[in-house]
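Novice: With the sequence up front, the predicted model follows.
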Amino acid sequence: MKALTADQVAAELGRSKEWLYDNHKRLTRDKKMPRPIVDGGTLAWNAAQFYAWLDRDLPKDQKAMAAALRAVHAAAIAAYGGHNPRAGDEDAEIERWKAGLDRRYGGH
């Protein structure tokens, strides 16, 4: 199973890697986020477990849609040799995700 790096998990949460390192134990304890694994001396997360946790409150059909969108996104990135052709839109996308997460988890 694929592992997500701390950078990837932080990006999914709309936070910095430093924030994740400072808060992952609280998230694990209080929000039931999956425990990280150690991958080469750094923290990483099992992708299936992390995404199941992230999507836990979605209705079943939306969980399937989220999984499909992630798969399409991964395939599109792979088709571009790992380069995101929409990288210029990334900052706005991150800000939208941060705002949504702040609404959902009460921003810290």
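Specialist: Received it, and whenever you're ready, just let me know what you need. Numbering: from 1, shown residues only.
Novice: How about the helix or strand hosting W53, which residues are buried there?
Specialist: In this structure, W53 sits in helix 47-54 according to DSSP states H and E. Judged by neighbour count (16 or more other CB atoms under 10 Å), helix 47-54 contains these buried residues: A47, Q49, F50, Y51, W53, L54. Bear in mind the C-beta positions are built from the backbone N, C-alpha and C, glycine included.
Novice: which stretches of the chain aren't confidently modelled?
Specialist: 1, 39, 81-89, 107-108 (pLDDT under 70).
Novice: Let's see that with 90 instead.
Specialist: In the predicted model of the chain, residues 1-3, 38-42, 70, 72-108 satisfy pLDDT under 90.
Novice: Grab the most central residue of the chain for me.
Specialist: The structure's the chain has its C-alpha centroid closest to E12; by CA atoms, centre = their mean the separation is 2.6 Å.
Novice: for that residue, what are its contacts?
Specialist: L4, F50, L54, W97 (CB atoms under 8 Å, 6 or more residues apart in numbering).
Novice: Specify which member of these is nearest to I77.
Specialist: Nearest to I77 among the contacts of E12 is L4, at 14.1 Å by CB to CB.
Novice: counting contacts, what elements does the helix or strand harbouring W97 pack onto?
Specialist: Counting by DSSP H and E, the element that carries W97 is helix 90-105. With contacts defined as 3 or more CB pairs under 8 Å, 6 or more residues apart in numbering; DSSP states H and E, the packing partners of helix 90-105 are helix 6-13.
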